[in-house]
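Q: Here is a sequence with its predicted model. Questions after.
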Amino acid sequence: MDQFVVKPLFGDGPIAWYTPTNVTLWLAIAILAVIALLVLGTRGRAIVPSRTQSIAELAYGFVYQMVEDVAGKDGVKYFPYIMTLFMFIVFANFLGLLPMSFTTTSHLAVTGTMAIAVFVSVTVIGFVKHGVSFLSLFWITAAPLALRPILALIEVISYFVRPVSHSIRLMGNMMAGHAVMKVFAGFAGALGIGAVAPIVAISAVYALEILVSFIQAYVFAILTCVYLKDALHPHH
């Protein structure tokens, strides 16, 4: 479908790693939107906040509380990273709902990069803070001794599958919703004047996608907090 096609911004030539495309355009717009809200929108630091400052403060408090509740006090120092991920995904998801836009989070290259960055970061944090004892994360002492090697293998496999599930969950949900809307839009175009049912369906799916856009950003961020907690407290 057209919405998922990567196209160069200038001309119709082949796409190289340095070619500006619709993907890079909407990634940049998402970044600028985050900066506009969190930097420009709060530069006044008014005691009685404006609407923009109120939204920024609500987002800040929401993510901060999530990091503290899930990862603990030790995880708060990594709050800026998780806040950046959350806000970027929220804006990328919502911008993808605009007509003629491009949903960057529907591409595995984008979600996979973020998931791999989280995976590498928490693994490095785990080894830096705990050294070799970080491997105790895979050794379940509560299980019978005979089962521990088998469970350790399962834990290792599940650990390395994390970036796959982390990225595909976000990509799949964003792609599926837009694909459904595209299908109903095709029905509406085919039926013409009598396309009441497809239009109602499109409106319902669009409303659901607004909710999904926020929920998927929240799920990505909270899973990052869970993985961070494992890195900070592998014995728990």
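A: All right, it came through fine.
Q: From Leu38, how far off is Tyr206?
A: Look at Tyr206 and Leu38: by Cβ to Cβ, to the nearest Å, they are 27 Å apart. (C-beta placed from N, C-alpha, C; glycine too.)
Q: pull the helix or strand with minimum mean pLDDT from the protein.
A: Here the helix or strand of the chain ranked lowest by mean pLDDT, DSSP states H and E is helix 148-191, holding a mean of 87.
Q: name the helices or strands packed onto that helix?
A: helix 108-130, helix 196-232 (3 or more Cβ pairs under 8 Å, 6 or more residues apart in numbering; DSSP states H and E).
Q: any low-confidence regions in this protein?
A: 1-3, 189, 191-195, 235-236 (pLDDT under 70).
Q: so Gly44, which of the three states?
A: coil (DSSP: H, G, I helix; E, B strand; the rest coil).
Q: Report the contact partners of it.
A: Gly44 sits next to 50, 53 when contact means Cβ atoms under 8 Å, 6 or more residues apart in numbering.
Q: how much space between it and Ile31?
A: 22 Å.
Q: What of Met66?
A: 22 Å.
Q: Which one's more surrounded, these two?
A: Neighbour tally, Met66 and Ile31, criterion other Cβ atoms under 10 Å: the higher count belongs to Met66, 20 against 15.
Q: these two touch, right, that one and Ile222?
A: Yes. Met66 lies in contact with Ile222 (Cβ atoms under 8 Å); the separation is 6.1 Å.
Q: that older thread, tell me how far the least confident helix or strand of the chain lies from the chain's centre.
A: 12 Å (Cα atoms, centre = their mean, to the nearest Å).
Q: Could you check the angle it makes with helix 196-232?
A: 160 degrees (axes from the mean of the first three to the mean of the last three Cα atoms, to 10 degrees).
Q: Check the secondary structure at Thr141 for me.
A: Strictly by three-state DSSP, Thr141 counts as coil.
Q: how far away is it from Leu147?
A: 11 Å.
Q: same check, this time on Thr24
A: 49 Å.
Q: Between those two, tell me which one has more neighbours.
A: Neighbour count, other Cβ under 10 Å: between Thr24 and Leu147, Thr24 has more, with 16 against 11.
Q: What strand or helix carries that one?
A: Assigned by DSSP states H and E, Thr24 belongs to helix 22-35.
Q: Now that helix: buried residues?
A: Buried residues in helix 22-35, counting neighbours by 16 or more other Cβ atoms under 10 Å, are found at 22-24, 26-27, 29-30, 33-34.
Q: tell me which residues of stretch 92-105 are tucked away?
A: So for stretch 92-105, counting by 16+ other Cβ under 10 Å, buried means 92-97, 102-105.
Q: quick one: Ala188 and Ile202 touch, right?
A: Yes. Taking Cβ under 8 Å as the definition, Ala188 is a contact partner of Ile202 at 6.8 Å.
Q: Can I get the helices and strands packed on helix 148-191 in CSV including distance to Ala152 and mean neighbour count?
A: Compiled in CSV, these are given as follows (distance: least, Cβ to Cβ, whole Å; neighbours: other Cβ atoms under 10 Å):
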stretch, distance to Ala152, mean neighbour count
helix 108-130, 16, 17
helix 196-232, 15, 17
